[in-house]
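Peer 1: need a structure here:
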Amino acid sequence: MKTTLTSTLAWLLAVATALGLAWAAPNEASVMGRVPAFMARTLDRQAVQVPEGLPGERTLALIAFKSTQKAHIDGWIQGLNLKDDPSISWLRMPVLNDPGNAAERSDIENRLLRKFPADAERARMLPVFTDRDQFVRSAGLRGIDQVYAVVVNRQGEVLARAEGRFDADKAQSLRETLKQRGF
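Peer 2: So this is what the prediction gives:
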């Protein structure tokens with residue numbers, strides 16, 4: 001009787017442990033990251049509630065942290081032919097440390113307006129004033145020294161990501177994720 005009871009308890013403990021591990025295991029969203037919720041304005045002054053208000057169910061966010069990374073973002077835009085492909089919803093998303101007041105944010109926006117004079121460029125430029133380190137952690141990024149091409153859904157889940165300069169293989173993977181419908 002003691003062996004049956006011991007075996008049953010061991011089996012129940014194993015099942016409980018397996019269920020606990022399954023519940024605690026990371027899911028795809030926690031592994032890939034999540035874009036935090038925030039309100040921002042494009043350079044053409046359109047309010048966007050991120051992530052719910054992203055332009056597509058799956059949006060390609062080209063994320064930069066430094067002005068010196070502009071050329072890398074331009075490489076992704078050219079490599080993916082984003083300006084001529086209306087099937088992809090996309091945004092430039094410079095993530096900037098919030099200076100803490102409206103006047104300084106306005107100064108930064110004015111500098112961006114001078115760098116991006118065309119209306120089409122301004123409509124796709126969504127500056128994010130936040131704590132950059134917190135944004136990086138939340139979105140599952142590795143730091144601010146690289147640019148990121150990230151596919152995000154309207155729930156804020158990062159579905160795919162590539163970092164650094166444009167790469168055709170990475171671009172193909174992002175394109176496939178962008179074209180998927182549902183899960």
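
Peer 1: What mean pLDDT does the longest strand seen in the chain get?
Peer 2: Scanning the chain for the strand with the most residues, using DSSP state E, yields strand 89-97. The pLDDT scores in strand 89-97 average 97.

Peer 1: give me the element Leu60 is part of.
Peer 2: Taking DSSP states H and E as the criterion, Leu60 maps to strand 58-64.

Peer 1: just to revisit the earlier point, after the longest strand of the chain comes which helix or strand?
Peer 2: Secondary structure here is assigned by DSSP H and E; on that basis, the next helix or strand after strand 89-97 toward the C-terminus is helix 102-115.

Peer 1: And that next one, what's buried?
Peer 2: Arg105, Ile108, Glu109, Leu112 (16 or more other Cβ atoms under 10 Å). In short, each C-beta sits where N, CA and C put it, glycine included.

Peer 1: can you list the residues that contact that helix?
Peer 2: Leu43, Lys70, Pro94, Leu96, Asp98, Pro99, Arg122, Met125, Pro127, Phe129 (Cβ atoms under 8 Å, 6 or more residues apart in numbering).

Peer 1: Run a quick check on the fourth one versus Pro127, I expect a contact.
Peer 2: Yes - in this structure, Leu96 is within contact of Pro127 by Cβ atoms under 8 Å, at 6.1 Å.
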